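*Asks:* Predicted model follows, preceded by the sequence.
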Amino acid sequence: MGFQTEVNGYQISLFNARNYDPNSTDNSWNFDQLYSDEEYDDYQFVTRHGIEVSLNNQRLSAALIMGGSGATDIHIHAFVANDNKLIVCCSNNVYCLSIPELDLLWRVKCDEATCFQIFAYKDNFIVHGELQITCLHQNGKQKWEFSGTDIFVTPNGKDNFQIVDGCIYVTNWDLVQVILDADTGKVMNEGDQP
């Protein structure tokens, strides 16, 4: 599964490249740059996301980002594209790449397990992880982090994370909803999910 978006006239394609092997000469894709959180070991990377930037249907650059912790997928909230940057969740890291070159600007570990989603919020990014909610500055520096009593997913996997009017509403596995101030990460209210 993949996703396409456009930034400043550049077409950006993001897709899962699970079968890509940097040690093979028989790959379906060709990447100019490879980025990972550790040294390459084929069985170590459970997540491999391919990214291509094109202009007028001419490919300009392609990069592969890889991660060895929890698996992630490409979906509408797996990345943020703005100005000349692409910020992507990959396993338990968030990668920031330049557009159109796809040079690595920064990489930050935002969860011990998996980063599910990322959202632009004011001049920051809010990362919904499995174990942590993290706020990053545009330069990748952590502004705040919050860990709860259980994982930030629900048994049915639905409607467990929203940012509304400066508040983050997140529900954990035990169906306990926590409300955080999106600017500070401080808990505003905690109780059972209605």
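*Replies:* Okay, I see it.

*Asks:* contacting residues around H49?
*Replies:* Counting by Cβ atoms under 8 Å, 6 or more residues apart in numbering, H49 makes contact with 14-17, 64-66, 72, 74, 88, 90. Heads up, the C-betas are built off the backbone N, CA and C, glycines and all.

*Asks:* for N57, same thing?
*Replies:* Applying Cβ under 8 Å, 6+ apart, we find N57 in contact with Q11.

*Asks:* you'd agree V178 is up against Q162?
*Replies:* No. Using Cβ atoms under 8 Å, V178 is not in contact with Q162; the gap is 11.8 Å.

*Asks:* domain assignment for the chain?
*Replies:* As given by automatic domain parsing, the domain ranges for the chain are 1-109, 124-194.

*Asks:* now those as CSV including distance to C115 and mean pLDDT?
*Replies:* Below are the domains of the chain laid out as CSV (distance: least, Cβ to Cβ, whole Å; pLDDT from 0 to 100):
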stretch, distance to C115, mean pLDDT
domain 1-109, 4, 89
domain 124-194, 5, 91
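
*Asks:* which of the contacts of H49 has the most neighbours?
*Replies:* Greatest neighbour count in these, by other Cβ atoms under 10 Å, goes to I65: 30 neighbours.

*Asks:* Which helix or strand contains that residue?
*Replies:* Using DSSP states H and E, I65 sits within strand 58-67.

*Asks:* Now do the buried residues in that strand.
*Replies:* By 16 or more other Cβ atoms under 10 Å, the buried positions in strand 58-67 come out as 60-67.

*Asks:* Starting from whichever strand or helix holds Q162, tell me which strands it pairs with and how they run.
*Replies:* Assessed by DSSP H and E, Q162 sits inside strand 161-164. Strand pairing for strand 161-164, using DSSP bridges, gives strand 167-171 (antiparallel).

*Asks:* Just give me how far the partner strand sits from the chain centre.
*Replies:* Counting by Cα atoms, centre = their mean, to the nearest Å, strand 167-171 is centred 18 Å from the centre of its parent chain.

*Asks:* Would you mind identifying the next helix or strand past that strand?
*Replies:* Later in the chain than strand 167-171, the nearest helix or strand by DSSP H and E is strand 176-181.

*Asks:* Give me the helices and strands touching that next one, please.
*Replies:* Judged by 3 or more Cβ pairs under 8 Å, 6 or more residues apart in numbering; DSSP states H and E, strand 176-181 is in contact with strand 167-171, strand 187-192.

*Asks:* okay, the first one in CSV with CA atoms only?
*Replies:* The reference is to strand 167-171. Extracted in CSV, the C-alpha atoms of strand 167-171 (Å, rounded to 0.1, in the frame of the first residue of the first chain):
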residue,chain,number,x,y,z
CYS,A,167,-6.0,19.1,23.7
ILE,A,168,-4.9,15.6,22.8
TYR,A,169,-7.4,12.9,23.6
VAL,A,170,-5.8,9.5,23.7
THR,A,171,-7.4,6.2,24.9
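
*Asks:* For that strand, which outside residues touch it?
*Replies:* Contacts to strand 167-171, defined as Cβ under 8 Å, 6+ apart, come from residues 126, 128, 133, 148, 152, 154, 159-163, 177-182, 188, 193.
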